[in-house]
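J.: sequence and predicted structure, then a few things I'm wondering about:
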Amino acid sequence: MKKIFLLTLFMAAMACQKKETTKETDKGTTIVTDEHTFSKPDLAVVKHLDLDIKVDFNTQTISGKASWLIDNISKGNEIIFDENTLTITKVTLGDDEKETKFELGSEVEFHGKPLHITIEPNTTKVNIYYSTTKDAVALQWLNPQQTADKKKPFLFSQGESIWSRTWIPCQDSPGVRFTYNAKVTVPKDLLAVMSASVNPQQKNDTGVYTFKQDKAIPSYLMAIAVGDIEFQSIDNRTGVYAEPSLLKKAAWEFAELGKMVVAAEKLYGPYRWGRYDVLVLPPSFPYGGMENPNLTFLTPGVIAGDRSLTSLLAHELGHSWSGNLVTNATWDDIWLNEGFTTYVEHRIGEEIFGVKEAKMQDVLTRKDLDDNIEEYGATNPDTRLKVSLTNRNPDDGISQIPYVKGYNFLKVIEAAVGREKFDVFIKNYFDAHAFKSITTEDFIKYLNENLIKGDKALADKIKADEWIYKPGVPSNITPSVSEDFTAIDAIQKSWRTTGVKGLSQKIKSTTEKQHFIDYLPEDVTPKEMAEIDAEFNFTKGGNFVIKRQWFVPSIRSHYTVAYPAIEQFMIGTSRTGSLMTLYKELVKTSPGKDWAKKIFEKAKSGYHATTVQAVEGVLK
């Protein structure tokens, strides 16, 4: 579940309730306005990329040629690309490589610079020679000590939201889709993989690897990883990549991956991407997962040893329908990716893990929504589903709100029309918009035409405009109830009197433990924390999620026994959402803030650039 975190927000005034993102051309074609790209795809747009690059760990750079096949729609004399911190050395046109003029425009914070290239009315191919720099936000270069096996270096990319332009000159908008071929040269003792239709499953003797993505994707889904990586299959279309020491553990942990794909297909139609593999990255990966097509990138924190955290896989797999197949056209529309995917995740989870677990997950998701609304404030415009990110870093829109509010909105529609009818609607929605990028307004139009169909009573029951364009949570949100959690709630009211001995036999699963920890009393004492810890062994024995949850009341109650483990945890991961939870708790007190700063100084060299940015915002 990528990027569930809150960056420091640039508060923008809500200029109007509904922001226009489309316009009609003279020919009747709808053009989407994406304010986070310099490119003008309505005039000249990319269609296919042939990428030829070399990965150099000594200089920590990628260099080579990006050859773009383009459609010069306007028959004009210019095409504009996005670039950020790249070094552009030469640009040529066509197969005969006729050199042409290029110019970089003024820099805009977060967005880089426009790359203006002179073309001819009949130009169909643009070749850009370039290299990356040390400032490429998308690229994380790791020395051997930062990897799991501590033997060889590692590289991975993270393009979402507008960072692909820091490693490839591109039209960096989710509304622009293209296919690609790639030739990648790496050190001979390392393996390269990409978000491609087919990936190599073992190293070769040359260090040269070729890739093909024959499905049109947006630039943020371009991804590469290079390292001492091995592969193990799970079934005929799923498998795991990881460093050697993690491979068998990962393959065991994800043994139900194939079943998840089948469950998703049963609900929403065929998986259209061919293979579905996962890559376990080193701890500096800043998110739970990233849904790069064909090859999901995952945090090693999901390897719990008991398959208790594999619901994360259901989310990333769900993106194969909502996000990768049907994509938000702008970052203002990100709820279309994440709200739908959270809904799909829950439905896959129900198929695999059962109704009881699904109900518990539903309650946890509702708590996430309530907590986030409380943190932002119910009138904050950033609690709308359709947000306004004008003049802002689009990463600011990637909070929990689009995930959990979007999920609850779709649950409202499901409750209004019934699950059977809603399942048909979503499957048809995916089919109708397959390999397209759409806006919130496109979704509303499809909803009105294919589900509401002029039924005013149904429209009033759903309240779509209120969910999408207004802040806070509408009154028609569906209840979230778990009988298992109700039993734990009863325990919460009595354990201070009856003691905690034996509770670990009643509260067993990760989900149940998470709920128990979430609702510990605000005034829980260090002595009580020690008693709970003795019963459950949360400080030393908990999995990644349990530790993250447990460390919050540990900080709040000054349970010093857990302090070494807290520091070790915060230094050992770069998973931004989890770190933000703990840093935010630490800075609530002066001693805590001092400690947070010391931890950050020790840890930041191993954090991803976006994680550093987020934590610095909290510490300031």
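T.: That came in fine, so what should we check first?
J.: contact partners for residue 98?
T.: Counting by CB atoms under 8 Å, 6 or more residues apart in numbering, residue 98 touches residue 92. Glycine gets a C-beta too; all of them are placed from N, C-alpha and C.
J.: what residues are bridge-paired with it?
T.: The residues listed as beta-bridge partners of residue 98 by DSSP bridges are residue 93.
J.: one more: the one 10 residues further on?
T.: According to DSSP bridges, residue 112 are recorded as the beta-bridge partners of residue 108.
J.: what is the neighbour count of it?
T.: 13 (other CB atoms under 10 Å).
J.: what helix or strand is residue 603 located in?
T.: Per DSSP states H and E: residue 603 is located in helix 590-603.
J.: return the list of helices and strands in contact with the next helix or strand after that helix.
T.: Tracing the chain past helix 590-603, the next element assigned as helix or strand by DSSP H and E is helix 609-619. Applying 3 or more CB pairs under 8 Å, 6 or more residues apart in numbering; DSSP states H and E, one finds that helix 609-619 makes contact with helix 576-586, helix 590-603.
J.: how far out from the middle of the chain is helix 609-619?
T.: Remark: helix 609-619 is offset 17 Å from the chain centroid, using CA atoms, centre = their mean, to the nearest Å.
J.: rewinding a little: closest to residue 50 out of the helices and strands packed on helix 609-619?
T.: For the helices and strands packed on helix 609-619, the distance to residue 50 is smallest for helix 576-586, at 33.6 Å, taking CB to CB.
J.: which elements pack onto the closest one?
T.: Contacts defined by 3+ CB pairs under 8 Å, 6+ apart place helix 576-586 against helix 544-556, helix 563-572, helix 590-603, helix 609-619.
J.: which of these sits most buried?
T.: Comparing the helices and strands packed on helix 576-586 by mean neighbour count (mean count of other CB atoms under 10 Å), helix 544-556 ranks first with a mean of 22.
J.: state the mean pLDDT of that helix.
T.: Summarised as a single mean, pLDDT over helix 544-556 is 97.
J.: out of the helices and strands packed on helix 576-586, flag the one nearest residue 88.
T.: Across the helices and strands packed on helix 576-586, the minimum distance to residue 88, taken as CB to CB, is reached by helix 609-619, at 21.5 Å.
J.: just want the angle from that closest one to helix 563-572.
T.: Using axes from the mean of the first three to the mean of the last three CA atoms, to 10 degrees, the direction of helix 609-619 lies 130 degrees away from that of helix 563-572.
J.: what angle sits between helix 609-619 and helix 576-586?
T.: Using the same axes, to 10 degrees, helix 609-619 lies at 20 degrees relative to helix 576-586.
J.: longest single helix anywhere in this structure?
T.: Ranked by residue count, the top helix of the chain under DSSP state H comes out as helix 355-376.
J.: packing partners for whichever helix or strand comes after that one?
T.: Toward the C-terminal end, the helix or strand that comes next after helix 355-376 (DSSP H and E) is helix 401-417. Helices and strands touching helix 401-417, by 3+ CB pairs under 8 Å, 6+ apart, are helix 335-353, helix 355-376, helix 419-432, helix 456-462, helix 464-469.
J.: got the contact list for helix 401-417?
T.: Residues contacting helix 401-417 (CB under 8 Å, 6+ apart): 1, 4, 334-343, 346, 365-366, 368-369, 372-373, 376, 382-383, 385, 387, 422, 425, 447, 451, 458, 461-464, 467-468, 473-474, 476-478.
J.: kindly export that helix (C-alpha atoms) in PDB.
T.: Extracted C-alpha coordinates of helix 401-417, given in PDB (Å, rounded to 0.1, in the frame of the first residue of the first chain):
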ATOM      1  CA  ILE A 401      -7.800  10.200   2.400                       C
ATOM      2  CA  PRO A 402      -8.100   9.000  -1.200                       C
ATOM      3  CA  TYR A 403      -7.600   5.400  -0.100                       C
ATOM      4  CA  VAL A 404     -10.000   5.200   2.800                       C
ATOM      5  CA  LYS A 405     -12.600   7.800   1.900                       C
ATOM      6  CA  GLY A 406     -12.700   6.500  -1.600                       C
ATOM      7  CA  TYR A 407     -13.200   3.000  -0.300                       C
ATOM      8  CA  ASN A 408     -16.000   4.000   2.000                       C
ATOM      9  CA  PHE A 409     -17.700   5.900  -0.900                       C
ATOM     10  CA  LEU A 410     -17.700   2.800  -3.000                       C
ATOM     11  CA  LYS A 411     -19.100   0.900  -0.100                       C
ATOM     12  CA  VAL A 412     -22.000   3.400   0.000                       C
ATOM     13  CA  ILE A 413     -22.700   2.700  -3.700                       C
ATOM     14  CA  GLU A 414     -22.500  -1.100  -3.100                       C
ATOM     15  CA  ALA A 415     -25.000  -0.800  -0.200                       C
ATOM     16  CA  ALA A 416     -27.300   1.300  -2.300                       C
ATOM     17  CA  VAL A 417     -27.600  -1.000  -5.300                       C
END
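J.: quick check on the contacts of helix 401-417: which are buried?
T.: 1, 4, 334-343, 346, 365-366, 368-369, 372-373, 376, 382-383, 385, 387, 422, 425, 447, 451, 462-464, 467-468, 473-474, 476-477 (16 or more other CB atoms under 10 Å).
J.: so which of the helices and strands packed on helix 401-417 comes closest to residue 267?
T.: Ranking the helices and strands packed on helix 401-417 by proximity to residue 267 (CB to CB) places helix 335-353 first, at 5.7 Å.
J.: burial count for the closest residue to residue 272 other than its chain neighbours?
T.: On the basis of CB to CB, 6 or more residues apart in numbering, the spatially nearest residue to residue 272 that is not a chain neighbour turns out to be residue 325, at 6.5 Å. Other residues lying near residue 325 total 22 when counted by other CB under 10 Å.
J.: could you find the closest non-adjacent residue to residue 350?
T.: On the basis of CB to CB, 6+ apart, the spatially nearest residue to residue 350 that is not a chain neighbour turns out to be residue 358, at 3.8 Å.
J.: any idea how far that neighbour lies from residue 62?
T.: Between residue 358 and residue 62 the distance, using CB to CB, to the nearest Å, works out to 43 Å.
J.: then residue 425?
T.: Plainly put, residue 425 is 43 Å away from residue 62 if you go by CB to CB.
J.: follow-up on the earlier one: so what touches the longest helix of the chain?
T.: Looking at helix 355-376 with CB under 8 Å, 6+ apart, the contacting residues turn out to be 6, 311, 342, 346, 349-350, 382-383, 399-401, 403-405, 407-408, 472-473, 480-485, 509, 511-512, 514-515, 518.
J.: mind listing residues that contact the helix or strand hosting residue 69?
T.: Counting by DSSP H and E, the secondary-structure element that holds residue 69 is strand 61-71. By CB under 8 Å, 6+ apart, the surrounding residues in contact with strand 61-71 are 44-56, 79, 119, 123-134, 136, 139, 167-170, 178.
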